[in-house]
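# Next one to model:
(4 chains)
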Number of protein chains: 2
Amino acid sequence: MPETDRLLLPEELPDRLMEVFNLVGPLYRRVQRKIEQDAARGVPVGVRAVLDLLREHGPMTVPQLGRSQALSRQFVQRMVNEAAARGLVESTPNPAHQRSLLIGLTPAGRDAIGAVVEREHALLRQTDGSLTDADVTACVRVLSQLLDLFKDVDLGNAKPPQV
Amino acid sequence: MPETDRLLLPEELPDRLMEVFNLVGPLYRRVQRKIEQDAARGVPVGVRAVLDLLREHGPMTVPQLGRSQALSRQFVQRMVNEAAARGLVESTPNPAHQRSLLIGLTPAGRDAIGAVVEREHALLRQTDGSLTDADVTACVRVLSQLLDLFKDVDLGNAKPPQV
DNA sequence: TCAGACATGACACCTAAGGTGTCATATGGC
DNA sequence: GCCATATGACACCTTAGGTGTCATGTCTGA
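Predicted coordinates:
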């Protein structure tokens, strides 16, 4: 890679990164709406998110779920309760912390999220095929760094710097 | 770039792209919250979005604004009205379409969005400096393709396929 | 060992982003 | 000139997601 692989200077960074943000907004909204449609007959967006996390990472506690997706623990709790009410999720004792239960998928939950993800995968397979491994890796790198920049934006009951 | 630059196979695409989505959500939310904080003393998120678009593309009509950000025209209209009420934006006759007015920034609006963007740029300059031009370009490519995938997700008063 | 800081769950309440439905009017193409 | 369509305006709604607070439980460190 010749010229283009050079590091971006601090002066050019902001404008370039803005290009990214200008895509993130519309993308997020459209995906949200797409999921809502799919959800018409089932899983609300928030519940879907919880199920998907449990599917990928195995059982987790509510606060862990919240942190991993930058959502308040209270909100996640509601989604988990909702999912539990539908029998998609169940809590089991947490060996590490007795108070904080581990939330895990039930077989029904695993089926439900499996079906949803399968439909989504079908959609994603329809990209035009010109994306390279390096593209996606770079994209992930960029987004991760941006996310990092906003790390400090706290929520839920995160403690304000207790001076 | 040896191996990594190869095209992704349809089978691997979905999982790789999911990595991207898993970052887009948290990022969107955190940025939204960050802007809200900044907005505490002024510009709501939606208004900020409108002003920013006008700043980059010059005067546009309300429906154009909506389409370009995947927002319903009604919602954008409200944001524009709000901005107009604050004197940040003004409508001028549209030579091309008489009914649909062109929305443009007032000097006050230009100042306001300029200040906001300046603060944001300051933040963005703080990335750790390891991003290359190619990274950002790839990221934009990936996000654009994804956005394209969801192009069909219609909203506002878009017509359902009038068979 | 026990006091105080911190984490968790539960519940109530709130904000606002963003959509939907619908009307009247104005366009613009055929 | 007529009909589909786009626009603006207004009313209403959904729901994602946050905040405040309490009681209880857990952890840490002096």
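# State the three-state secondary structure for A:G104.
strand (DSSP: H, G, I helix; E, B strand; the rest coil).
# separation between the closest residue to it other than its chain neighbours and DNA strand D?
Closest residue to A:G104 apart from its sequence neighbours, by C-beta to C-beta, 6 or more residues apart in numbering or on different chains: A:P59 at 3.8 Å. For the C-beta atoms, the positions are set from N, CA and C on the backbone; glycine is no exception. Between A:P59 and DNA strand D the distance is 17 Å, computed by C-beta to the nearest atom of the strand, to the nearest Å.
# residues in contact with A:P59?
Neighbouring residues of A:P59 by C-beta atoms under 8 Å, 6 or more residues apart in numbering or on different chains: A:T92, A:L102, A:I103, A:G104.
# Make a markdown table out of these and add neighbour count and pLDDT.
Listed next are these as a markdown table, based on neighbours: other C-beta atoms under 10 Å in any protein chain shown; pLDDT from 0 to 100:
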| residue | neighbour count | pLDDT |
| --- | --- | --- |
| A:T92 | 10 | 88 |
| A:L102 | 19 | 93 |
| A:I103 | 25 | 94 |
| A:G104 | 15 | 94 |
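# Farthest pair within those residues?
By the measure C-beta to C-beta, A:T92 and A:I103 form the most distant pair in the contacts of A:P59, at 8.1 Å.
# ok, A:G129 - how many residues close by?
By other C-beta atoms under 10 Å in any protein chain shown, 12 other residues sit near A:G129.
# What score does it have for pLDDT?
We note a pLDDT of 78 for A:G129 in this prediction.
# That one and chain B: what is the separation?
Distance from A:G129 to chain B, counting by C-beta to the nearest C-beta, to the nearest Å: 7 Å.
# Which parts of chain A are strands?
Using DSSP state E, the strands of chain A run over A:89-92, A:102-105.
# if we look at the first one, which residues are touching it?
Yep, that's strand A:89-92 we're talking about. With contacts defined as C-beta under 8 Å, 6+ apart, strand A:89-92 is touched by A:50-51, A:54, A:59, A:80, A:83-84, A:101-106, A:109.
# For those, give me a markdown table that also has distance to A:R6.
Converted to a markdown table, these look like this (distance: C-beta to C-beta, whole Å):
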| residue | distance to A:R6 |
| --- | --- |
| A:V50 | 41 |
| A:L51 | 42 |
| A:L54 | 42 |
| A:P59 | 45 |
| A:V80 | 46 |
| A:A83 | 47 |
| A:A84 | 52 |
| A:L101 | 50 |
| A:L102 | 47 |
| A:I103 | 46 |
| A:G104 | 47 |
| A:L105 | 46 |
| A:T106 | 51 |
| A:G109 | 47 |
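# I would like a PyMOL command selecting only the buried ones among those, please.
Of the contacts of strand A:89-92, the buried ones go into a single PyMOL selection, burial set by 16 or more other C-beta atoms under 10 Å in any protein chain shown:
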select buried, chain A and resi 50+51+54+59+80+83+101+102+103+105+109
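# In the contacts of strand A:89-92, which has the lowest confidence score?
For those, the least confident position by pLDDT is A:L101, scoring 89.
# and the spatially most central residue of chain A, backbone torsions?
Centroid-nearest residue in chain A: A:Q69, 5.0 Å away (criterion: C-alpha atoms, centre = their mean). The phi/psi pair for A:Q69 (degrees, to the nearest 10) reads phi -120, psi 20.
# Identify the residue nearest it in space, chain neighbours excluded?
Spatial nearest neighbour of A:Q69, chain neighbours left out: B:P26 (5.5 Å); criterion: C-beta to C-beta, 6+ apart.
# Could I get the contacting residues of the one you found?
B:P26 touches A:Q69, A:A70, A:L147, counting by C-beta under 8 Å, 6+ apart.
# Just give me the neighbour total for the closest residue to A:S130 other than its chain neighbours.
Ranked by C-beta to C-beta, 6+ apart and with sequence neighbours excluded, the top spatial neighbour of A:S130 is B:L7, at 7.1 Å. The local packing of B:L7 (other C-beta under 10 Å) involves 13 other residues.
# Perfect, I'm done here.
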